[in-house]
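> What would the 3D arrangement of this be:
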Amino acid sequence: MGKKYEASLQKIEARTYSLKEACGLVRQVHYAKFDGSVDFAVRLGIDPRHSDQMVRGSVLLPHGTGKKVRILVFAKGDKEKEALEAGADYVGVEDILEKIKTGWLDFDRVIATPDLMGVVGRLGKVLGPRGLMPNPKTGTVTFDVAKAVNEIKKGKVDYRVEKTGIIHVAIGRVSFTAEQLYENALAIFDSIIRQKPAVAKGQYIKRVVVSPTMGPGISVDEGSLRPEKAAA
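Okay, the predicted model is just below:
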């Protein structure tokens, strides 16, 4: 570990923090000169290898992500025009398909109209592992492309549990206020709780950590994320 990391680590006590405390402290332990992102990580007590224990969803963050998101939309005809007018960065079908096949991946989110999912499905091996495949559950497979584009631009984020049982979501930037980070984190946590699989047994939330792009993670007291305690 470097000296800057060690110095930041010294600012963190050997205990769990309330979510509000962690969102304030994370801005102090970030040691990079750029405006890095703040990550919210939740370890779940599930086995994501089983399809009935998959946890995924989408959340419109109250304060957005602070990041410019490049949106690709698979659409044609009137829907192509609608997507462009809504502010999509790239829109098309076959031309986009061929570009991606040659290695082009200069986009962050993908939306597709339902009638084109058969075409988009050909890119499953490329988009799937990167978490970019459109999905009805997250509102990215829809004929209302203007709404989907606008929501993403306002700060809608998708999340899904990784093979390790952890969900990672960016809740903003270091330049955000502690209150903005706190409210964004609460919105995500509430969604994760609502997505709890019916078959999940035992402790659902194992660990919660807030961390900056450059800096150590801060352990959060899971109880401080519960609405009745968070309001205290």
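> Leaving out chain neighbours, which residue sits closest to residue 61?
residue 155 (4.1 Å; C-beta to C-beta, 6 or more residues apart in numbering). For glycine as for every other residue, the C-beta is placed from the backbone atoms N, C-alpha and C.
> And the pLDDT for that neighbour?
For residue 155, the pLDDT comes out at 91.
> mind checking how far it is from residue 70?
From residue 155 over to residue 70 the distance is 15 Å, taken as C-beta to C-beta, to the nearest Å.
> Quick check on the two: which one has the bigger neighbour count.
The residue with more neighbours, out of residue 155 and residue 70, is residue 155; 19 against 13, by other C-beta atoms under 10 Å.
> Surely the more buried one touches residue 58?
No. Proximity of residue 155 to residue 58 does not meet the contact threshold set by C-beta atoms under 8 Å, at 10.8 Å.
> show me where this protein has strands.
Taking DSSP state E as the criterion, the chain contains strands spanning 37-44, 56-60, 71-74, 90-92, 109-112, 156-160, 166-173, 205-212, 218-220.
> which residues are contacting the first one?
In other words, strand 37-44. Outside strand 37-44, the residues that touch it by C-beta atoms under 8 Å, 6 or more residues apart in numbering are 23, 26, 30, 55, 65-67, 161, 165-174, 176, 181, 184-185, 188-189, 192, 200, 204-213, 217.
> Then the third one?
Defining contact as C-beta under 8 Å, 6+ apart, one finds that strand 71-74 is touched by 80, 83, 87-93, 96, 107-113, 116, 119-120, 134, 145, 148-149, 152-153.
> So which of those sit within helices?
80, 83, 96, 119-120, 145, 148-149, 152-153 (DSSP state H).
> Give me the buried subset of those.
Buried by 16 or more other C-beta atoms under 10 Å: 80, 83, 96, 120, 145, 148-149, 152-153, out of those.
> Using CSV, lay out these together with distance to residue 48.
Listed next are those as CSV, based on distance: C-beta to C-beta, whole Å:
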residue, distance to residue 48
80, 36
83, 32
96, 30
120, 23
145, 30
148, 26
149, 29
152, 25
153, 29
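> Just flag the most distant two among the residues you listed.
120 and 153 (20.9 Å; C-beta to C-beta).
> How about the contacts made by the residue nearest to residue 61?
Contact analysis of residue 155 by C-beta under 8 Å, 6+ apart lists 60-65.
> Just the buried subset of these, written out for ChimeraX, thanks.
Those of those that count as buried under 16+ other C-beta under 10 Å are selected in ChimeraX with:
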select :61,63,64,65
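> Relative to residue 226, which of the contacts of residue 155 is nearest.
Distances from residue 226 to those, taken as C-beta to C-beta, are shortest for residue 62 (18.1 Å).
> helices or strands up against the longest helix along the chain?
Scanning the chain for the helix with the most residues, using DSSP H, yields helix 178-194. Other elements packing on helix 178-194 under the criterion 3 or more C-beta pairs under 8 Å, 6 or more residues apart in numbering; DSSP states H and E are helix 19-29, strand 37-44, strand 56-60, strand 156-160, strand 166-173, strand 205-212.
> Show me the one of these that comes nearest residue 4.
Of all the helices and strands packed on helix 178-194, helix 19-29 sits nearest to residue 4, with 10.0 Å by C-beta to C-beta.
> mind exporting that closest one as CSV, just the C-alpha atoms?
Provided in CSV are the C-alpha atoms of helix 19-29 (Å, rounded to 0.1, in the frame of the first residue of the first chain):
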residue,chain,number,x,y,z
LEU,A,19,-24.4,5.6,6.7
LYS,A,20,-24.4,9.3,7.3
GLU,A,21,-21.0,9.2,8.9
ALA,A,22,-19.6,7.1,6.1
CYS,A,23,-20.9,9.4,3.4
GLY,A,24,-19.1,12.3,5.1
LEU,A,25,-15.9,10.4,5.8
VAL,A,26,-15.6,9.0,2.3
ARG,A,27,-15.0,12.5,1.0
GLN,A,28,-12.1,12.9,3.4
VAL,A,29,-10.3,9.6,2.7
